[in-house]
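Q: no letters, just coordinates:
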């Protein structure tokens, strides 16, 4: 097992507890990107930022609002305190207690099914590569002349930026833009194309309006021509619509995506095919080399912690139980943890129409129509459910409070091949945000339920004796 991130740790823990002799090789921090520089610190930072925003927005509940005092060093301690609390779950000691042999060294192939790690040579019938990914920094002229953060370094910063410039409006860039703005920084986001292109365009537009209302400046379809120092800060020369302008800031964050970490593995010696997008695998997550699997961010596939954990289960079934398990991403969820949250499960409306043409229906329900959302003044957003015209569920796009929690039902619905009537028929506790899902499903049936023929049937049946 190469790599102790979410994917590698899952395989190692399960394999060892099933009785397989397991060696885990990791050159960096146990827990990988998610624990140390990704999911965990970013969500801890977002939680602090939301607490600050709650203080500002309390007037809507009849409570005097006040501008909070931000102790950024204390916020930094909070973020790293969360990491430290979770770290024992991913520690060397815990995995050794499962029977895993942990080697803290860099691994590389020296032959098919043979690795060198430190001063050790290890041969194995089955090898799993889970080395993850690293920030992809675009070749912007002058980028090497200025200091900049990536997601791997920004959480080590313990002083507040005055004006944070963010290159890239994907999930990472957008989340951190809102977090730092709420923590008192001026924030400008520059995106070469369109923000968050994999999500529903309408809901992304609403989310961007929310960020703009909080003071985040977003420049989309804007090219960065050069970067240069500007005293103690940084200056960007940008071009939008053929016109150049200059944006000055105090700090720079590059959030332009990630690239697979394959460079030091000597994959060619094992006959493993790979490219710029990552290691090539089939649906059983097998590489081109017999007995070698690859999972997580290092492969050409979805790059989410939960996808990596799911892939680990596929490998366990294939490698240890010899079951022909195949990866199926038809119900894959992902969430952008802004406020409001944006969740996507399965197909977007655009993807569904491209795949199924006219055999697509879209049902929606606005959060403003939900009583719990009104009570908590969390009325921005909507749930859009995409289905076949027979009600078979294809996907769900949700913008609103707790959208990530609402996603679970739709993952299950797609995995189990449910129809909208199954969701519309649930008994949902009142008042809850979960009613948004039930009501969105029920919207699909309203035209038929309240149509001419149904009304005629009701008038006819009403004449029958009771």
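A: Now that the structure is in, tell me what you want to look at. Source: prediction; values computed, not measured.

Q: where does the nearest residue in space to residue 332 that is not next to it in sequence sit: helix, strand or coil?
A: For residue 332, ignoring the flanking residues on the chain, the nearest one in space by Cβ to Cβ, 6 or more residues apart in numbering is residue 302 at 5.9 Å. C-beta here means a position set from N, CA and C on the backbone, and glycine is covered the same way. With DSSP: H, G, I helix; E, B strand; the rest coil as the basis, residue 302 sits in coil.

Q: next one: residue 215
A: coil.

Q: report the contact partners of the nearest residue to it once chain neighbours are set aside.
A: Counting by Cβ to Cβ, 6+ apart, residue 181 is the residue found nearest to residue 215 once chain neighbours are left out, at 5.7 Å. Going by Cβ atoms under 8 Å, 6 or more residues apart in numbering, residue 181 touches 49, 187, 211, 214-216.

Q: can you check residue 27 too?
A: Contacts of residue 27 by Cβ under 8 Å, 6+ apart are 104-107.

Q: which of those are buried? Put it as a PyMOL command.
A: Restricted to buried positions by 16 or more other Cβ atoms under 10 Å, the PyMOL selection for the contacts of residue 27 reads:
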select buried, resi 106+107
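
Q: now, the contacts of residue 27 that are in strands?
A: Among those, the ones falling in strands (DSSP state E) are residue 107.

Q: how about the contacts of residue 27 in a markdown table, adding pLDDT and distance to residue 199?
A: Output for these, formatted as a markdown table (pLDDT from 0 to 100; distance: Cβ to Cβ, whole Å):
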| residue | pLDDT | distance to residue 199 |
| --- | --- | --- |
| 104 | 97 | 39 |
| 105 | 97 | 40 |
| 106 | 97 | 37 |
| 107 | 97 | 36 |
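
Q: of all the contacts of residue 27, which comes closest to residue 142?
A: Distance to residue 142 across these (Cβ to Cβ) is lowest for residue 106, with 32.0 Å.

Q: specify the local secondary structure of the nearest residue to the closest one once chain neighbours are set aside.
A: Spatially, and ignoring its direct neighbours in sequence, residue 106 is nearest to residue 27 (4.2 Å; Cβ to Cβ, 6+ apart). Recorded secondary structure, residue 27: coil (three-state DSSP).

Q: tell me the spacing between residue 27 and residue 107.
A: Distance, residue 27 to residue 107, using Cβ to Cβ, to the nearest Å: 7 Å.

Q: next: residue 365.
A: 50 Å.

Q: ok, now residue 66?
A: In this view, residue 66 and residue 107 are 53 Å apart by Cβ to Cβ.

Q: just residue 394 next, same as before
A: 41 Å.

Q: do the same with residue 415
A: Using Cβ to Cβ, residue 415 is found at 34 Å from residue 107.

Q: cool, and residue 433?
A: For residue 433 relative to residue 107 (Cβ to Cβ), the value is 45 Å.

Q: I'd assumed residue 224 was in contact with residue 240.
A: No - with contact defined as Cβ atoms under 8 Å, residue 240 does not reach residue 224; the gap is 10.4 Å.

Q: ok, these two, which is more surrounded?
A: Higher neighbour count among residue 240 and residue 224: residue 224, with 20 against 13, using other Cβ atoms under 10 Å.

Q: pretty sure that one is in a helix, no?
A: No - using three-state DSSP, the secondary structure at residue 224 is strand, not a helix.

Q: which residues does it bridge with?
A: Judged by DSSP bridges, the bridge partners of residue 224 are residue 238.

Q: dump the contacts of residue 27 into a markdown table; add distance to residue 269 as well.
A: Formatted as a markdown table, the contacts of residue 27 follow (distance: Cβ to Cβ, whole Å):
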| residue | distance to residue 269 |
| --- | --- |
| 104 | 22 |
| 105 | 17 |
| 106 | 15 |
| 107 | 12 |
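
Q: chain center to the helix or strand containing residue 49, what's the gap?
A: Using DSSP states H and E, residue 49 sits within helix 39-56. Distance of helix 39-56 from its chain centroid, counting by Cα atoms, centre = their mean, to the nearest Å, is 17 Å.

Q: for it, buried residues please.
A: Applying 16+ other Cβ under 10 Å to helix 39-56 flags 39-42, 44-46, 48-49, 52-53 as buried.

Q: from the centre of the chain, give me the residue that's furthest out.
A: The C-alpha centroid of the chain is most remote from residue 465, which lies 58.0 Å away (Cα atoms, centre = their mean).

Q: element containing residue 308, please.
A: helix 305-319.

Q: contacts for the next helix or strand after that helix?
A: Under the assignment DSSP H and E, the closest C-terminal helix or strand after helix 305-319 is strand 333-336. Strand 333-336 is contacted from outside by 171, 174-175, 196, 198-199, 207, 302, 304, 306, 341-346, 403-404, 407-408, 410-411, using Cβ under 8 Å, 6+ apart.

Q: just the buried ones from those, in ChimeraX syntax?
A: A single ChimeraX command is used to select the members of the contacts of strand 333-336 judged buried by 16+ other Cβ under 10 Å:
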select :171,174,175,196,199,207,302,304,306,341,342,343,344,345,346,403,404,407,410,411
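
Q: mind checking which of the contacts of strand 333-336 are in strands?
A: Within these, residues falling in strands by DSSP E are 341-346.

Q: what is the burial count for residue 19?
A: 9.

Q: dihedrals phi and psi, it?
A: Note on residue 19: its backbone torsions stand at phi 100, psi 0 [degrees, to the nearest 10].

Q: return the residues in contact with it.
A: Per Cβ under 8 Å, 6+ apart, neighbours of residue 19: none.

Q: and what of residue 338?
A: Applying Cβ under 8 Å, 6+ apart, the residues near residue 338 are 46, 174-175, 178, 207, 210-211.

Q: 7 Å instead, please
A: Residues in contact with residue 338 (Cβ atoms under 7 Å, 6 or more residues apart in numbering) are 174-175, 178, 207.

Q: same thing with residue 256?
A: 136, 138, 167-168.

Q: in strands, which of those residues appear?
A: Per DSSP E, the contacts of residue 256 map to strands at residue 167.

Q: just the buried subset of the contacts of residue 256, please.
A: So, by 16+ other Cβ under 10 Å, the buried ones in the contacts of residue 256 are 167-168.

Q: for the contacts of residue 256, work out which two are farthest apart.
A: Comparing all pairs in these by Cβ to Cβ, the longest separation belongs to 136 and 167, at 11.1 Å.

Q: my read is that residue 126 contacts residue 319, right?
A: Yes - with contact defined as Cβ atoms under 7 Å, residue 126 reaches residue 319; the gap is 4.7 Å.

Q: re earlier: now go through the contacts of residue 338 and say which are in helices.
A: The helices, defined by DSSP state H, take in 174-175, 178, 207 from these.

Q: report the angle between the helix holding residue 308 and helix 39-56.
A: Using axes from the mean of the first three to the mean of the last three Cα atoms, to 10 degrees, the inter-axis angle of helix 305-319 relative to helix 39-56 is 150 degrees.

Q: and the helix or strand where residue 386 lies, average pLDDT?
A: For residue 386, the host element (DSSP H and E) is strand 382-387. Throughout strand 382-387, pLDDT has a mean value of 98.

Q: which other residues reach it?
A: Residues outside strand 382-387 that contact it (Cβ under 7 Å, 6+ apart) are 200, 203, 347, 349, 352, 360-367, 393-400, 420, 436-437, 440-441, 444.
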